[in-house]
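Peer 1: turn this into a structure:
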Amino acid sequence: MKKVALFTANTQGGIIQFTLQIYETLKKNGIDTKVFLPSDVKGSDLSVIADDDLCKYDKVKAVFDKRPYRVTANEIMHLSPDAVFYMDNSPVSQNVGLYLKKDIKQFMTLHDAGTYHPTNKLHIRERLVRAYTAAVNKRFCKKVTSFVLLSKESLKTFIGANPGYADRTILMPLGAHLPHDAKCALSEVENIQNGFFLFFGRIDKYKGIGNLLEAYKDIADKALPLVIAGNGEFTDKEKQLIAECKNLTVIKRYITDGEMKWLLSRSTAVVLPYIEATQSGVIPLSYIYEKPVIVSNVPGLTQFVVDGRTGFICSTKEQWQQRLLSVDKAAAEKMSADIKEYYNNTLDWDKNISEFIKHI
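Peer 2: As a prediction, the model looks like this:
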């Protein structure tokens, strides 16, 4: 039996759920799978991982002292895995990988093709982290067996930027990584009535929230309510638009896994007005709940949308307004069968992870 170690340096959020989903799928396919998580993981139900398969380590971000990375690498090597599958491309993951023996295959997941999105604020510390990450990444990439990309657009972008790595890539389309947590019971969320448009995820410049609000504010009294839920920073223009919008609820903080499930299950449709993207984990999450998506005309999003069947693609403010006015409960329910069929045929984990398994 092949043995795989999954590794992440994340302590909360979607990457943890991604890790748990990969674990479940590999186990179902007969792979002996161990999971390395930081000891301070929070906000996620880890009960899906068998006690013997969960390996917690002390996460230390060190620039000059490499001993913590060696310690963690030795813990991994003690299990003698055939491969290590990194769930993220963080400096911690890369530094640990530098100390693994050459006979252990190393697979690196690249979310968004390993590139950075435009952001509202980039502090000096973040600039330094990016520079440090780039230096470590250059060394680590020489040891990577294969880079795992999660969408066709992400794969295209990565190979375009790194043609020398083209023969070391695997495409594993991103399905829904659904948390196991119980539903949220916070009054802030429960006061929201069922049936609304949902923007969910990190609030940042590339998400195009300002464009969404520009379209919505003039039709707010005729359309379904809009809920924006996520942590991050609005631009000054977005703050002004929020103040002008009726029928709008903003939950600006980290959204727990249970809250995410609550919001998705009670929404009518999910909106993604992104300015750029190479993929999105929000779309498969929407589909698993059989919710249509309304997206901007960006290849990283449209690659997952069958216009008129699983969602709608909008290029202009007028098209956004048309869809926000026309999509209601009845329209969304008519699309549910097509959404379910698309997900099962395109984003099912059991089918898509087979490409990774055959490379072990």
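Peer 1: that's a strand at residue 176, yeah?
Peer 2: No. Counting by DSSP: H, G, I helix; E, B strand; the rest coil, residue 176 is not part of a strand but coil.
Peer 1: and it, how many neighbours?
Peer 2: By other Cβ atoms under 10 Å, the residues close to residue 176 number 21. Every residue, glycine included, has its C-beta placed from N, CA and C.
Peer 1: right, and it touches residue 288 too?
Peer 2: Yes. Contact criterion Cβ atoms under 8 Å: residue 176 and residue 288 qualify, at 3.9 Å.
Peer 1: name the residues contacting each of those two.
Peer 2: Common neighbours of residue 176 and residue 288, counting by Cβ atoms under 8 Å, 6 or more residues apart in numbering, are residue 343.
Peer 1: what residues are up against the closest residue to residue 194 other than its chain neighbours?
Peer 2: Spatially, and ignoring its direct neighbours in sequence, residue 194 is nearest to residue 266 (4.6 Å; Cβ to Cβ, 6 or more residues apart in numbering). Taking Cβ under 8 Å, 6+ apart, we find residue 266 in contact with 192, 194-196.
Peer 1: among those residues, show me the least confident.
Peer 2: Least confident of these in the model: residue 192, at 85.
Peer 1: ok, back up a step: hmm, which of the contacts of residue 266 are the buried ones?
Peer 2: Among the contacts of residue 266, those classed as buried by 16 or more other Cβ atoms under 10 Å are 192, 196.
Peer 1: of all the contacts of residue 266, which two lie farthest apart?
Peer 2: With Cβ to Cβ as the measure, no two of those lie farther apart than 192 and 195, at 9.5 Å.
Peer 1: any common contacting residues for these two?
Peer 2: Shared contacts of residue 192 and residue 195, defined by Cβ under 8 Å, 6+ apart, comprise 225, 266.
Peer 1: export the contacts of residue 266 to CSV and tack on secondary structure and distance to residue 171?
Peer 2: CSV is the format used below for the contacts of residue 266 (DSSP: H, G, I helix; E, B strand; the rest coil; distance: Cβ to Cβ, whole Å):
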residue, secondary structure, distance to residue 171
192, coil, 37
194, coil, 37
195, coil, 36
196, coil, 34
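Peer 1: now the contacts of residue 266 in TSV, with distance to residue 280?
Peer 2: TSV is the format used below for these (distance: Cβ to Cβ, whole Å):
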residue	distance to residue 280
192	23
194	24
195	23
196	19
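Peer 1: quick check: phi and psi at the residue nearest to residue 194.
Peer 2: Torsion angles at residue 266 (phi, psi; degrees, to the nearest 10) stand at phi -100, psi 0.
Peer 1: distance of residue 172 from residue 331?
Peer 2: Taking Cβ to Cβ, to the nearest Å as the measure, residue 172 falls 32 Å from residue 331.
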